[in-house]
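> Quick one: sequence plus predicted model below, questions after.
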Amino acid sequence: MGPESLPRDTPREAAVMTRRGTEPAYPSRRDWLEAALALAATLPLALAPPRVVAAEGEPTALARVRARGRLVVGLYQDLPPFHVAGAGIDVALGRALARALGVEMTPLPFLAGENMDDDLRHMVWRGHYLGWGPADVLLHVPVDPPLMNANPRVQILAPYWRERIVIARDLARVPQMPALSAFEGQRIAVAGQSLAGWLLLGADNGAYRERLSTQWKDGTQAAAALQRGEVAAAAGMASEIESVLGRDARYAIEPLPLPRARDGWAVGMAVRKEATDLAQALQAAVVSLSESGELRQFFADAGVGWRRP
């Protein structure tokens with residue numbers, strides 16, 4: 001399959017699409033790719049929400065959650081290893097957050113929209129036009145200043161993971177990787193129109209374009225193709241690749257050796273702008289989960305090495 005027939009966008013990629021303040025309201029995927037890779041600065045785990053006071057006499061967001069006895073958690077559908085068929089890292093995190101608030105978790109899974117603006121509108125501050133939502137909190141939101149500026153009705157807070165692009169290789173076929181040129185003559189599996197795919201398509205002036213196997217839905221499928229011996233390497237999000245190959249000593253997993261792919265981006269959560277007490281409680285819970293090692297264990301259970309955001 002050539003680059004001209006790359007598959008449609010995957011839910012995972014849509015989950016981290018944003019826009020820049022000077023660009024149109026509905027960005028292309030490439031717009032977000034450039035914005036995300038430009039955001040390499042480390043953001044603190046405790047990202048303090050602004051103070052917003054509820055109207056006098058109205059129950060606060062946290063009070064409403066506790067009164068009903070459940071925290072409604074927005075979860076992206078088909079986002080391995082964070083959420084697939086009711087299980088995954090974000091599901092475990094959502095349950096832990098609810099437990100920290102003294103309530104139960106009610107999951108609200110949904111399919112990603114065209115961009116993060118749509119997702120924040122449907123899942124955080126307004127609800128979907130078909131009648132469901134919003135959730136109390138949406139997980140897996142990029143902690144990205146341009147996204148924050150473009151969405152003043154929400155708070156984006158509590159980063160709990162740093163995602164990045166990696167490439168895994170079969171050590172028997174490619175023992176060393178000083179540069180991408182090590183894959184000369186080899187096939188590389190990568191999800192079509194993913195961030196990893198876009199980076200590889202443009203790397204070294206398109207030198208690897210014809211070596212890419214792009215029919216895969218996401219990085220987990222690309223990694224599985226490598227595991228089956230169909231290709232010599234697979235590229236994708238670190239969480240995707242590690243969840244399949246992280247425990248298999250036959251493969252090395254390293255950051256994609258391109259300057260713009262090295263640092264990655266922080267992933268957190270979002271609540272309504274006025275939900276200050278809920279934001280503070282969720283943030284405190286994430287800090288506690290990090291300090292106790294429980295957050296790290298959620299990732300370890302999925303075969304992924306946790307990276308502090």
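Thanks, I have it.

> does residue 160 really touch residue 295, like I thought?
Yes - at 6.1 Å, residue 160 counts as touching residue 295 under the criterion of CB atoms under 8 Å. All C-beta atoms are positioned from the backbone trio N, CA, C, and that covers glycine.

> Comparing those two, which shows the higher neighbour count?
Counted by other CB atoms under 10 Å, residue 160 and residue 295 do not tie: residue 160 has more neighbours, with 27 against 24.

> What is the burial count for residue 175?
Quick note: residue 175 (other CB under 10 Å) scores 10 neighbours.

> quick one: low-confidence ranges for this structure?
Where the chain drops to pLDDT under 70, the residues are 1-57, 131.

> Which SSE is immediately downstream of the longest helix seen in it?
Identified as the longest helix of the chain according to DSSP state H is helix 276-292. Next in sequence after helix 276-292, counting helices and strands by DSSP states H and E, comes helix 294-301.

> tell me the angle that following helix makes with helix 276-292.
70 degrees (axes from the mean of the first three to the mean of the last three CA atoms, to 10 degrees).

> For helix 294-301, list every residue counted as buried.
Neighbour-count burial for helix 294-301 flags 295, 296, 298, 299 (criterion: 16 or more other CB atoms under 10 Å).

> which one among these gets closest to residue 255?
Residue 255 has its nearest neighbour among the buried residues of helix 294-301 in residue 299, at 17.1 Å by CB to CB.

> Find residues that contact each of residue 160 and residue 295.
Overlap of the contact sets of residue 160 and residue 295 (by CB atoms under 8 Å, 6 or more residues apart in numbering) consists of 93, 286, 289.

> measure the closest residue to the last one other than its chain neighbours to residue 285 for me?
If I follow you right, that is residue 289. The shortest distance from residue 289 to any non-neighbouring residue, by CB to CB, 6 or more residues apart in numbering, is to residue 295 (4.1 Å). As judged by CB to CB, to the nearest Å, residue 295 and residue 285 stand 10 Å apart.

> what's the overlap in contacts for those two?
residue 96.

> in the stretch 101-250 of the chain, which spans are helices?
Assigned by DSSP state H, counting those that start in this stretch, the helices in the stretch 101-250 of the chain fall at 116-120, 145-150, 195-202, 219-227, 238-245.

> How far off centre is stretch 295-309?
With CA atoms, centre = their mean, to the nearest Å as the basis, the distance from the averaged C-alpha position of stretch 295-309 to the chain average is 13 Å.
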